Each structure stands twice: as C-alpha cells, then as structure tokens.
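Asks: output the structure for:
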Amino acid sequence: MSDRESSEVSEAPVLIAGGGLVGLCAAAFLAQRGIPSLTVERLKESSPLPRAAFFHMRTLELFRSLGIEQAVWLHSGGGKRKRPTHVANSGKRFNVAEGWFDPDPKVRRHIHPGELINCRCVCRPVVKGFT
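Replies: I've put the predicted structure just below:
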C-alpha cells in the first residue's frame, strides 16, 4: 500500500484540502464546535518557513480561543534598519494576550509582531504538547 492510500475510509461532512496554517486552523475551529472534518495534505512534512507575514489582533484572539496562549517572536532578518530590541527578542516566547514589551525608548509598550510601521517580524504559535 502506498503512502497515498489508506486501509481506512474516513467520512466527515467537511473536507479540508491543505494542512497549512489555514487548513489546520479551519480543522481546529470546526472541532471546537463539534463538527468533524478530514484534512488532507500532499506534503509529508510541514514547511520550515512561516508564510504568514504577521498576525492581526483578531487572529491572536482566535488562537487564544483554541488554547494557544504563547507564541515565539521571530525577527524577519530584513529591513535596512533592524530594531535591536526585535533582533534580541527573536526566538523568545511571549504571551499572546498581552504581547511582548518592547523596551525601545520610542516604543515602551506591549506590541505584537508586525504591529509597528515597517516591522516584518512574525510569530510562531506554541501549541501545547508539541515542540
């Protein structure tokens, strides 16, 4: 039997094509409401690179509703003038609800990746039980 075949037949009212961020979120939100779904993905592994440029506040609120309370700040590595505080924070966890406190004297408040002008930082949600 090949990797693409299965000995089990799954039935679900919703078929989700693609196991990327959108597909997996769709499956999670449906499951949260008790709606079974089947997600299919042609790739064997997930992409090592995030494709979302940044997450809006509403997206972060929805993540929290799924139990995703922390995220990892990732500096984009781009831009002519890199913010030293963003570079220093890259790879560190922050609380999704409040954001990360940027100690830069021009900012000095809690922010989320991509929130500031010309900020191309992103975040990777931390899902409990996964590394």
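
Asks: C-alpha from now on. contacts and neighbour counts both.
Replies: Fine.

Asks: which strands or helices does the lengthiest helix in the chain pack on?
Replies: Secondary structure of the chain per DSSP state H: the longest helix is helix 21-32. For helix 21-32, the packing partners by 3 or more Cα pairs under 8 Å, 6 or more residues apart in numbering; DSSP states H and E come out as strand 14-17, strand 37-40.

Asks: of the ones you listed, which is nearest residue 23?
Replies: strand 14-17 (6.1 Å; Cα to Cα).

Asks: please, where are all the strands along the protein?
Replies: 14-17, 37-40, 70-74, 93-95, 100-102, 109-111, 122-126 (DSSP state E).

Asks: will you turn these into JSON lines that also has distance to residue 25 and mean neighbour count?
Replies: Output for the strands of the chain, formatted as JSON lines (distance: least, Cα to Cα, whole Å; neighbours: other Cα atoms under 10 Å):
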{"stretch": "strand 14-17", "distance to residue 25": "10", "mean neighbour count": "14"}
{"stretch": "strand 37-40", "distance to residue 25": "11", "mean neighbour count": "15"}
{"stretch": "strand 70-74", "distance to residue 25": "15", "mean neighbour count": "22"}
{"stretch": "strand 93-95", "distance to residue 25": "19", "mean neighbour count": "18"}
{"stretch": "strand 100-102", "distance to residue 25": "23", "mean neighbour count": "17"}
{"stretch": "strand 109-111", "distance to residue 25": "23", "mean neighbour count": "13"}
{"stretch": "strand 122-126", "distance to residue 25": "11", "mean neighbour count": "20"}
